[in-house]
Every structure is written in structure tokens, then in C-alpha cells.
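Trainee: Below are the sequence and a predicted model for it; my questions follow.
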Amino acid sequence: MGVLLLSSCESDNTPTFYVDDGEKQYFEDYEPPKFKWGLIDTKGNVVLDAVYDDLKDPIDINHIPASLAGKWSYISLEGKPIVPHQFKSVLNWSDNVGWGQNFKNTYHIVTTNSVSDTIKATRVKPFSNDLAAIKDNSGWNYIDKSGKIIIKHNYNSAGNFNEQQQAIIKTQDGFGVIDKDGTEIIAAQYQSLKEEHNGYIAKKENKYTYIDHSGKQWIKNSFSKVTPFYENRALVKTTEGYQLIDKKGRVVKVLPYSLVTEGGQGYWKYQVDGLWGVLDGEGDIVCTPKFSDSYRYQEGFLTASIDQTWGMVDQSCDEVLPFTHPILWSFREGYSRIITNGFFQVIDTSGQVHPNINEIELKEFVNGYARYQHYPIYDKGK
């Protein structure tokens with residue numbers, strides 16, 4: 001892999017040295033944000049000072065996408081860039097590598113200490129199982145981490161390779177599945193394909209069915225709507241209404257409701273007279289319809305609203321947080337975000353508010369850290 005290290009700028013001032021005309025033109029119109037981004041932990045301790053134009057979630061805590069003075073790189077929790085800040089944009093770190101877009105709108109593969117030669121593409125996707133989909137004017141193909149084209153077919157679209165070493169692709173004939181050699185495993189014939197625990201959900205002639213990783217239909221019936229299986233149950237809709245089925249396609253329970261959707265973690269949400277209730281995995285009522293809105297179950301808790309105020313219930317529908325909050329988000333890593341007196345704060349499952357986390361903009365926690373935007377005008381004493 002060739003190495004290209006461009007100019008680095010570690011201050012928050014717009015750089016005055018430009019690598020090429022594309023970069024110069026970009027910074028002629030670039031306006032740095034007035035308020036910067038940083039990173040805090042669950043106790044409210046500052047991990048990264050709010051000095052960055054932008055940050056992405058710390059999905060990989062050693063390779064966090066960060067923009068400094070309008071240029072992107074990947075940084076550690078200590079704020080150290082793995083390569084100089086030099087890109088117009090970057091993708092999330094994945095499969096031990098990243099992608100950087102230069103100011104000529106072509107791309108480079110980024111490793112922990114190097115940047116590849118230019119790879120001409122109009123779009124790229126993150127690497128998975130050592131291959132990445134890239135698009136040029138002819139279509140989508142796959143390359144390896146050295147930048148070599150491994151599968152060249154000019155697909156209409158191309159997905160990432162999954163744990164079965166398969167990827168969903170689209171040709172003019174429809175959606176299908178290939179292996180890492182580019183061999184067609186499932187013929188491109190479907191209106192849509194979506195990954196499911198046991199294979200794929202396939203749509204053909206406006207009907208959905210379940211197929212395995214070889215393309216064999218493992219439930220004979222077709223449906224107007226389906227969900228992925230959670231453990232041994234899936235929600236389907238036929239001309240007779242909503243039903244729960246098992247993995248052999250047998251009807252476990254008929255659900256006498258006009259609208260049923262996924263509720264998260266094996267639960268189902270149902271609506272009666274405009275209000276939402278919750279069913280367990282077997283279709284039995286957990287919460288009677290009383291919520292005007294709700295998210296899905298996450299980490300064992302459901303965030304919902306009653307009369308425009310938000311609260312939270314557990315898996316037995318017992319109240320965990322009272323329905324008194326103007327805004328409340330789902331739990332993530334044991335914490336939820338709330339807004340109190342115009343500031344973001346954090347509340348845990350016991351209902352304890354952490355007052356030392358007190359920012360105007362706060363994102364959800366990922367791997368124990370959350371992005372925050374600090375407004376100095378709201379500091380105490382100012």
C-alpha cells in the first residue's frame with residue numbers, strides 16, 4: 001500500500017496552506033462552528049476537550065472520527081491523531097481500517113499509521129471481512145485493503161459482507177447474493193432482500209417470504225408484511241390480519257388488532273384507538289393501550305409518552321421513571337438523556353439525575369462515552 005501524508009493542522013484556526021485547488025475552494029466557503037465538540041464519560045468527566053469542529057460516535061475508541069479546523073482524521077481518547085488531519089470527510093473505522101475522502105472527492109484507505117494512494121471512486125462503503133464496496137461511473141465493485149479490485153461486476157448496488165461471507169447485491173434483474181469470489185449464491189431476482197438471523201427476508205411480486213443462506217424458501221407461505229425472527233417468533237400479516245408464527249411457519253397466535261409493529265427485544269407494539277400497548281413474545285398483553293407514542297424496548301426498558309409527557313416502564317410495564325419529562329430518550333448503556341432547565345442531563349435506571357453532566361447538546365453514550373457540544377456562555381459565573 002502506498003503512503004500519502006498530507007499537511008497537518010492542529011489548531012482550531014482555518015488553515016492558510018492548501019494542498020490543491022479543491023481544498024482551497026472548499027475553505028473559501030468553510031465556516032467553522034461557533035461551538036465545538038468534545039467527549040465525556042458517564043460521570044461527566046471531560047475526556048476530550050470541546051475543541052473539535054465535529055466528532056462522530058466512538059464506535060472504536062482508538063479510532064474516533066474527528067474534524068479539526070475543517071479537516072478530518074481518526075483520534076484516540078487522548079486526542080492523538082493516527083495520521084494528520086487532512087481529509088474532507090471520513091467513514092467510521094471498520095474492520096481495522098478507515099476511509100478518507102480528499103478535497104478532489106476521491107478516496108484513500110487509512111490504516112493506523114498510513115494513508116494509501118488515491119482510489120478513484122464516487123462513493124465507498126466501510127470494509128467488512130476484508131472487502132469494501134466502491135462505486136465509480138460504471139457501478140459498484142469490491143476491493144481489498146490493498147486497493148486491488150477483487151470483484152468487478154458493476155452492480156447497481158452492493159452491500160457489506162456478513163458473517164456467512166455473503167453480500168447482497170443488485171443487478172438490473174433484481175436483488176441477489178454473492179460470495180467473496182463474486183459467485184452468485186442466490187439469483188438476482190427479488191424486489192428486495194434484507195438480512196435475517198436465519199437467512200434473508202425476500203420480496204417478490206409484492207409478497208415477502210423467508211429464505212436461507214442458499215436461497216431455499218424455509219417457510220412455504222408468503223405474506224404482505226413480515227419481521228425478522230426474535231428467538232422463535234416472527235410477526236407476519238396476511239389477508240386475515242396480523243399473526244405470530246414459529247420457525248416452521250405455523251400460526252402461534254392471531255392478533256386481533258388493526259396495527260402491530262416490532263417493539264424491540266422480542267416485544268410487539270399494538271395500537272387501539274390511537275394509543276399504543278405492548279405484547280410479549282407470545283402475543284399476550286403486557287401493557288394495555290395507554291401510550292400516545294413510544295420507542296422500542298432497549299436494555300429492558302421502554303420509553304413512552306402519556307399526554308405529551310415522557311416516562312419509562314420495565315418489561316412488566318411497571319413504571320421506572322415517572323411520566324413527567326418533556327423529553328426522554330431510550331436507555332443506552334444504562335443511561336438516558338433528559339432536558340432539565342434547557343440543559344441536557346443524564347438519568348440512570350434508578351431515577352438518579354447526574355447534575356455534573358450539564359450541556360446544551362449531548363448525544364447518547366457509545367462504549368461509555370458521549371459527544372457533547374459546550375457553550376461557554378453558559379458556564380457558571382459568566
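Mentor: Sure, I can see it.
Trainee: burial of the closest residue to residue 118 other than its chain neighbours, as a residue count?
Mentor: Spatial nearest neighbour of residue 118, excluding adjacent residues (C-beta to C-beta, 6 or more residues apart in numbering): residue 106 at 5.1 Å. (Glycine included, C-beta is placed from N, CA and C.) By other C-beta atoms under 10 Å, the residues close to residue 106 number 14.
Trainee: Residue 43 too?
Mentor: 10.
Trainee: Distance check, it against residue 335.
Mentor: To residue 335, residue 43 is 10 Å away according to C-beta to C-beta, to the nearest Å.
Trainee: what touches both of these two?
Mentor: Common neighbours of residue 43 and residue 335 (criterion: C-beta atoms under 8 Å, 6 or more residues apart in numbering): residue 354.
Trainee: quick one on the thing from earlier: how close does the residue nearest to residue 118 sit to residue 199?
Mentor: 37 Å.
Trainee: Model confidence score at the closest residue in space to residue 128 that isn't next to it in sequence, please.
Mentor: With C-beta to C-beta, 6+ apart as the criterion, residue 128 has its nearest non-adjacent residue at 4.0 Å, and that residue is residue 160. Looking at residue 160, its pLDDT is 97.
Trainee: Please apply the same query to the one 4 residues further on.
Mentor: What the model reports for residue 164 is a pLDDT of 96.
Trainee: So which residues of this structure form helices?
Mentor: 21-29 (DSSP state H).
Trainee: Low-confidence ranges, it, go.
Mentor: Counting by pLDDT under 70, the chain shows low-confidence ranges at 1-17, 377-382.
Trainee: Try it again at 50.
Mentor: Across the chain, the ranges flagged by pLDDT under 50 are 1-15, 381-382.
Trainee: Quick check: bridge partners of the closest residue to residue 358 other than its chain neighbours?
Mentor: Residue nearest to residue 358 in three dimensions, not counting chain neighbours: residue 343, with 5.0 Å by C-beta to C-beta, 6+ apart. Beta-bridge partners for residue 343, by DSSP bridges, are residue 340.
Trainee: So what's the residue count around residue 359?
Mentor: 22.
Trainee: Surely it and residue 344 touch.
Mentor: Yes. Assessed by C-beta atoms under 8 Å, residue 359 is found in contact with residue 344 at 5.1 Å.
Trainee: joint contacts of these two?
Mentor: residue 372.
Trainee: For residue 209, which non-adjacent residue is closest in space?
Mentor: residue 222 (4.7 Å).
Trainee: can you pull the contacts of the one you found?
Mentor: So residue 222 contacts 207-209 (C-beta under 8 Å, 6+ apart).
Trainee: The residue nearest to residue 118 contacts residue 116, doesn't it?
Mentor: No. Applying C-beta under 8 Å as the test, residue 106 and residue 116 come out as separate, 11.0 Å apart.
Trainee: what's in contact with stretch 163-174?
Mentor: Residues contacting stretch 163-174 (C-beta under 8 Å, 6+ apart): 129, 131, 133, 140, 142, 153, 155-161, 175-180, 185, 187-191, 193, 195, 200, 213.
Trainee: picking that back up, do you know how far the residue nearest to residue 209 is from residue 259?
Mentor: Applying C-beta to C-beta to residue 222 and residue 259 gives a distance of 21 Å.
Trainee: The contacts of residue 222 in strands, which ones?
Mentor: Of the contacts of residue 222, the ones assigned to strands by DSSP state E are 207-209.
Trainee: Please check those and keep the buried ones.
Mentor: 208-209 (16 or more other C-beta atoms under 10 Å).
Trainee: Would you reformat the ones in strands among the contacts of residue 222 as a markdown table and include distance to residue 77?
Mentor: Compiled in a markdown table, these are given as follows (distance: C-beta to C-beta, whole Å):
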| residue | distance to residue 77 |
| --- | --- |
| 207 | 49 |
| 208 | 44 |
| 209 | 46 |
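Trainee: which one of the ones in strands among the contacts of residue 222 is nearest residue 277?
Mentor: Closest approach to residue 277 among the ones in strands among the contacts of residue 222 (C-beta to C-beta): residue 208, at 25.1 Å.
Trainee: my guess is that closest one meets residue 201, correct?
Mentor: Yes. With contacts counted by C-beta under 8 Å, residue 208 reaches residue 201, the gap being 5.9 Å.
Trainee: which residues do those two both contact?
Mentor: With C-beta under 8 Å, 6+ apart, residue 208 and residue 201 have common neighbours residue 226.
Trainee: Specify the beta-bridge partners of residue 291.
Mentor: Beta-bridge partners, per DSSP bridges, of residue 291: residue 276.
Trainee: Let me see the contact set for residue 87.
Mentor: Counted by C-beta under 8 Å, 6+ apart, residue 87 has contacts 71-73, 100-102, 108.
Trainee: Residue 313 touches residue 302, doesn't it?
Mentor: Yes. Using C-beta under 8 Å, residue 313 makes contact with residue 302 at a distance of 5.2 Å.
Trainee: Out of those two, name the residue with the larger neighbour count.
Mentor: More crowded of residue 313 and residue 302, by other C-beta under 10 Å: residue 302, with 28 against 22.
Trainee: which residues touch that one?
Mentor: 263-264, 267, 278, 287, 294-296, 312-314.
Trainee: want to throw those into a markdown table with distance to residue 86?
Mentor: Below are the contacts of residue 302 laid out as a markdown table (distance: C-beta to C-beta, whole Å):
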| residue | distance to residue 86 |
| --- | --- |
| 263 | 45 |
| 264 | 40 |
| 267 | 46 |
| 278 | 49 |
| 287 | 52 |
| 294 | 44 |
| 295 | 39 |
| 296 | 40 |
| 312 | 44 |
| 313 | 48 |
| 314 | 48 |
